[in-house]
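Trainee: sequence below, structure please.
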Amino acid sequence: MRPAAIHQVVPSFAGRDAIGTHTLHTRDLLRSLGFASDIYAGGSLPEVSHLARSLDDLPDRPMDRTWLLFHHSSGSPVADRVLARSEPILVDYHNITPPALIDRWAPWVRDEVELGRRQLAAFGDRAFFGLADSAYNQQELLDVGFRHTAVVAPLFDPTATDVAADETVAAEVRSRQAGGGAVWLFVGRVSPHKAQHDLIKAFACYREWFDPAATLVLAGTGMGTEYPRALDRFVRRIGLDRAVVITGLVTDAALVAYYRGADVFVCASDHEGFCVPLVEAMHHALPVVAYGAAAVPETVGSAGLVLADKSPAVLAASIDRVLTDAALRRRLVDAGLRRADDFSLARGRQRWAAAIEEVVAVAGRSGTGGTGSGRSASGVGTAASGVGTAACGEGSGAVAGTGAGAGAATGTGIGAATGTGTGTGIGAGTADRAGVVDGPAAGAGGADRAGSVDGSAAGALDAR
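Mentor: The predicted structure follows:
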């Protein structure tokens, strides 16, 4: 049965973050498809509270011909309240950070994410359909028992960052570049699972071997205080406090200034369910170099350099290759612009409309539509993705082995050499999809200096 209403429920509503932005776009889409749709939140920031209703506004009685679409990314009492209701439930799963990645720095978060995992399993029994930002997220839904799933990227508008840049920030970035140094950029919450500490290690190597005037900008708010403080102490201890900028909360205009002023977007995160900033960076014509963890290879596709190894030497040498090989940089930028267009809001709305119709069809086959869990026994649907995600073991460069490059690479490229040879590496080779190049490897070897490897590759020591 086709419902009359699909209301979204979120534990908290911030508006500007990725989930908040996606929730607003989803509400607009659902309304355009003819459904009544409101956002119910356990809590809202004051500046966006007018866009969402309080969870307490949900009537105690079951709502007829109404589905609840719950956004799940952490544990919360709101999830338990949704689970206790009798309306059919859909889950939009944005993934939950594994506790091991944050426990040391934010032990208070461990209980929350462990609760979230338990609640996800409960939704596997209770919800009749699960939507996932990525195939990586989808697998977790399948693992806890979801029988109907679809992969559909979150809704966002890459062009939303096409606004006037903060001129003060832009001038600061230009002044840093005036000395000839490259600007690295990463955008994301300052949190241990985002691994900004690994970016700092690689950046230290890069400054020592390739570009002593380089700058690293880490844009984003902190999760708690311990990890951001540790990063600050770390950069001071290694003498990079003037070269590493940890911005804290930034305005949209400041973020645009950083995107437009940077030379490369670098991601060393250990866990991402999608990672919208990767796409924003591509939209701003930044080449992307990223560690191939979790859903990162899917989001980047064949449009960036995705590495299986994020050791400081490999990351530093890879970025140097991207910044000094004009042909490689141009190909990555062009591929990134095309990839960003894959995630345009218009295309995203088309994918989501198809996904909703798939959900309605499943509900019709299983008799879901009034109240109840709606569990049924048919297979897994993934047709709603439509953005050409690559398998991690093939074209994404997220595996070790000869020619596992950004795209279906077959050449050498940026290799992770293990000694003084060219290496077998994670390479940007002669791909037919990703604008990567044929040529000698820039190897990050186990050498004790930065020098020539095999007469053509730039070797760099592993500084761990």
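Trainee: quick check: which ranges of the stretch 301-450 of the chain have low pLDDT?
Mentor: Applying pLDDT under 70 to the stretch 301-450 of the chain picks out residues 369-450.
Trainee: please repeat the previous calculation with a cut-off of 80.
Mentor: When residues are selected by pLDDT under 80, those of the stretch 301-450 of the chain lie in 368-450.
Trainee: contacting residues around residue 59?
Mentor: Residues near residue 59 by Cβ atoms under 8 Å, 6 or more residues apart in numbering: none. All C-beta atoms are positioned from the backbone trio N, CA, C, and that covers glycine.
Trainee: what's the spacing between it and residue 34?
Mentor: As judged by Cβ to Cβ, to the nearest Å, residue 59 and residue 34 stand 22 Å apart.
Trainee: over to the residue lying farthest from the centre of the chain. Which of the three states is it?
Mentor: Relative to the centre of the chain, and counting by Cα atoms, centre = their mean, the farthest-placed residue is residue 61 at 38.0 Å. Judged by DSSP: H, G, I helix; E, B strand; the rest coil, the three-state class of residue 61 is coil.
Trainee: how close does it get to residue 86?
Mentor: Counting by Cβ to Cβ, the gap from residue 61 to residue 86 is 9 Å.
Trainee: which residues does the one helix or strand residue 28 maps to contact?
Mentor: Taking DSSP states H and E as the criterion, the element that holds residue 28 is helix 18-32. The contact list for helix 18-32 (Cβ under 8 Å, 6+ apart) reads 6, 8, 10, 13-15, 37-39, 48, 51, 69, 71, 73, 92, 94, 154-157, 160, 274, 276, 345, 348-349, 352-353, 356.
Trainee: and these, which are buried?
Mentor: 6, 8, 10, 13-15, 37-39, 48, 51, 69, 71, 73, 92, 94, 154-157, 274, 276, 345, 348-349, 352-353, 356 (16 or more other Cβ atoms under 10 Å).
Trainee: next step: these restricted to strands.
Mentor: Here DSSP state E is the test, and these give 6, 8, 10, 39, 69, 71, 92 as lying in strands.
Trainee: what about the last one, distance to residue 23?
Mentor: Computed as Cβ to Cβ, the residue 92 to residue 23 distance reads 9 Å.
Trainee: list residues touching both of these two?
Mentor: Contact with both residue 92 and residue 23 is made by residues residue 71, according to Cβ under 8 Å, 6+ apart.
Trainee: contacts for stretch 225-242 next, please.
Mentor: Stretch 225-242 is contacted from outside by 105-106, 190-192, 196-197, 200, 203-204, 207, 216, 218, 222, 243-244, 246, using Cβ under 8 Å, 6+ apart.
Trainee: and residue 81, what helix or strand is that in?
Mentor: helix 77-83.
Trainee: need phi/psi at residue 129.
Mentor: The phi/psi pair for residue 129 (degrees, to the nearest 10) reads phi -160, psi 140.
Trainee: just residue 67 next, same as before
Mentor: phi -110, psi 150.
Trainee: do the same with residue 267
Mentor: Dihedral angles for residue 267 - degrees, to the nearest 10 - are phi -130, psi 120.
Trainee: what secondary structure does the closest residue to it other than its chain neighbours sit in?
Mentor: Take residue 267 and drop its neighbours on the chain: the residue closest to it by Cβ to Cβ, 6 or more residues apart in numbering is residue 290, 4.0 Å away. Under three-state DSSP, residue 290 falls in the strand class.
Trainee: tell me the contacts of the spatially most central residue of the chain?
Mentor: Geometric centre of the chain, nearest residue: residue 275, 1.2 Å, by Cα atoms, centre = their mean. Listed by Cβ under 8 Å, 6+ apart, the contact partners of residue 275 are 188, 267, 269, 295, 296, 299.
Trainee: okay, and which of those residues map to strands?
Mentor: Using DSSP E, these in strands are residue 267.
Trainee: check which element follows whichever strand or helix holds residue 318 along the chain.
Mentor: Following DSSP H and E, one finds residue 318 within helix 312-324. Counting by DSSP H and E, the next helix or strand C-terminal to helix 312-324 is helix 326-342.
Trainee: what about residue 57, how many neighbours?
Mentor: 10 (other Cβ atoms under 10 Å).
Trainee: confidence score at the residue nearest to residue 94 when sequence neighbours are not counted?
Mentor: Spatial nearest neighbour of residue 94, excluding adjacent residues (Cβ to Cβ, 6+ apart): residue 73 at 4.1 Å. At residue 73, the pLDDT value in this model is 96.
Trainee: which residues touch residue 73?
Mentor: Contacts of residue 73 by Cβ under 8 Å, 6+ apart are 19, 93, 94, 95, 96, 116, 273.
Trainee: ok, residue 279 next?
Mentor: 156, 158, 299, 339, 340, 343.
Trainee: over to residue 165?
Mentor: Contacts of residue 165 by Cβ under 8 Å, 6+ apart are 253, 254, 256, 257, 260.
Trainee: helix/strand/coil for it?
Mentor: Note that with three-state DSSP, the state of residue 165 is coil.
Trainee: and it, how far is that from residue 261?
Mentor: Distance of residue 165 to residue 261, given as Cβ to Cβ: 8 Å.
Trainee: same deal with residue 303?
Mentor: For residue 303, the distance to residue 261 equals 21 Å [Cβ to Cβ].
Trainee: out of these two, which sits in the more crowded spot?
Mentor: Set residue 303 next to residue 261 and count neighbours by other Cβ under 10 Å: residue 303 wins out with 28 against 21.
Trainee: could you find the closest non-adjacent residue to the more buried one?
Mentor: In space, residue 303 is closest to residue 339, 3.6 Å off (Cβ to Cβ, 6+ apart).
Trainee: how close does the residue nearest to residue 267 sit to residue 269?
Mentor: Applying Cβ to Cβ to residue 290 and residue 269 gives a distance of 8 Å.
Trainee: quickly list what's touching both of the two.
Mentor: Common neighbours of residue 290 and residue 269 (criterion: Cβ under 8 Å, 6+ apart): residue 296.
Trainee: quick one, which of those two is more surrounded?
Mentor: residue 290 (30 against 26).
Trainee: my read: the more buried one touches residue 306, true?
Mentor: Yes. Taking contacts as Cβ atoms under 8 Å, residue 290 lies within contact range of residue 306: 5.5 Å.
Trainee: overlap in contacts, these two.
Mentor: 296, 300.
Trainee: list the buried residues in the helix holding residue 81.
Mentor: 78, 79, 81, 82, 83.
Trainee: enumerate every residue touching the fourth one.
Mentor: The contact partners of residue 82, taken as Cβ under 8 Å, 6+ apart, are 9, 68, 70, 89.
Trainee: these two touch, right, the first one and residue 55?
Mentor: Read it as residue 9. Yes. The criterion here is Cβ under 8 Å, and residue 9 meets it with residue 55 at 6.8 Å.
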